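Enquirer: sequence below, structure please.
(one chain, ligands or ions: 1)
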Amino acid sequence: MAQVRALDHIAIVTPDLEEGLAFYEKTLGIQCSHIEELADRGIKVAFLPIGDTRIELIAPLHDKSEVSGFLQKRGGGLHHLAFRVDDVDADVEALKGEGVRLTSEAAAPGAHDCRVAFIHPKASLGTLIELSTPPSATE
Ligand code: CO
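Expert: Numbering: from 1, shown residues only. Model prediction:
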């Protein structure tokens, strides 16, 4: 079992980050606080804090990005829910031991220097779930 502490963010995929930001900032009035390129995953992400959580907008940097397949299939939209956990590495081991399907064998670096892992949608009622541990929690 993982031990979830909070809803860290809700991630939405958009083909174009500027267009996505325009909707969230100008139509919904939620302001962006942070933009980051994750070149190894082929994506650019923007974070928009709202209440105790954040919206994460994800856009592809090229057509081989980790969200390109999703964009082709669905045209964008809700991509994953991210939950904050104290120790994602321990949770990954625990979940693997319980036979819960993950999208990779180990946690990896994510935005904001977090460590992240994903539970496969087939193991989580159809919604991709990210488990995320902020850097301060593991230092
Ligand atoms: Co995320």
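
Enquirer: for this protein, which segments count as helices?
Expert: With DSSP state H as the criterion, the chain has helices at 17-22, 68-74, 88-97, 135-138.

Enquirer: what's the first-to-last distance across stretch 92-101?
Expert: Stretch 92-101 stretches 10 Å from its first residue to its last (Cα to Cα, to the nearest Å).

Enquirer: what are the contacting residues of that stretch?
Expert: Counting by Cβ atoms under 8 Å, 6 or more residues apart in numbering, stretch 92-101 makes contact with 1-2, 102, 105-107, 117, 119-120, 122-123, 131, all of which sit outside it. Every residue, glycine included, has its C-beta placed from N, CA and C.

Enquirer: ranking the helices of the chain by burial, who's on top?
Expert: Using mean count of other Cβ atoms under 10 Å, the stretch among these with the largest mean neighbour count is helix 88-97, at a mean of 17.

Enquirer: what about that one, near the ion?
Expert: No. Interface with the ion: helix 88-97 contributes nothing (Cβ under 5 Å from the ion), its closest point being 12.3 Å away.

Enquirer: would JSON lines of the contacts of stretch 92-101 with distance to the ion, pLDDT and neighbour count be doable?
Expert: What follows is the contacts of stretch 92-101, written out as JSON lines (distance: Cβ to the ion, whole Å; pLDDT from 0 to 100; neighbours: other Cβ atoms under 10 Å):
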{"residue": "Met1", "distance to the ion": "21", "pLDDT": "94", "neighbour count": "9"}
{"residue": "Ala2", "distance to the ion": "15", "pLDDT": "94", "neighbour count": "20"}
{"residue": "Leu102", "distance to the ion": "15", "pLDDT": "97", "neighbour count": "18"}
{"residue": "Glu105", "distance to the ion": "19", "pLDDT": "92", "neighbour count": "9"}
{"residue": "Ala106", "distance to the ion": "17", "pLDDT": "95", "neighbour count": "12"}
{"residue": "Ala107", "distance to the ion": "13", "pLDDT": "95", "neighbour count": "23"}
{"residue": "Ala117", "distance to the ion": "11", "pLDDT": "97", "neighbour count": "25"}
{"residue": "Ile119", "distance to the ion": "13", "pLDDT": "97", "neighbour count": "23"}
{"residue": "His120", "distance to the ion": "15", "pLDDT": "96", "neighbour count": "13"}
{"residue": "Lys122", "distance to the ion": "19", "pLDDT": "95", "neighbour count": "10"}
{"residue": "Ala123", "distance to the ion": "17", "pLDDT": "96", "neighbour count": "14"}
{"residue": "Leu131", "distance to the ion": "10", "pLDDT": "98", "neighbour count": "26"}
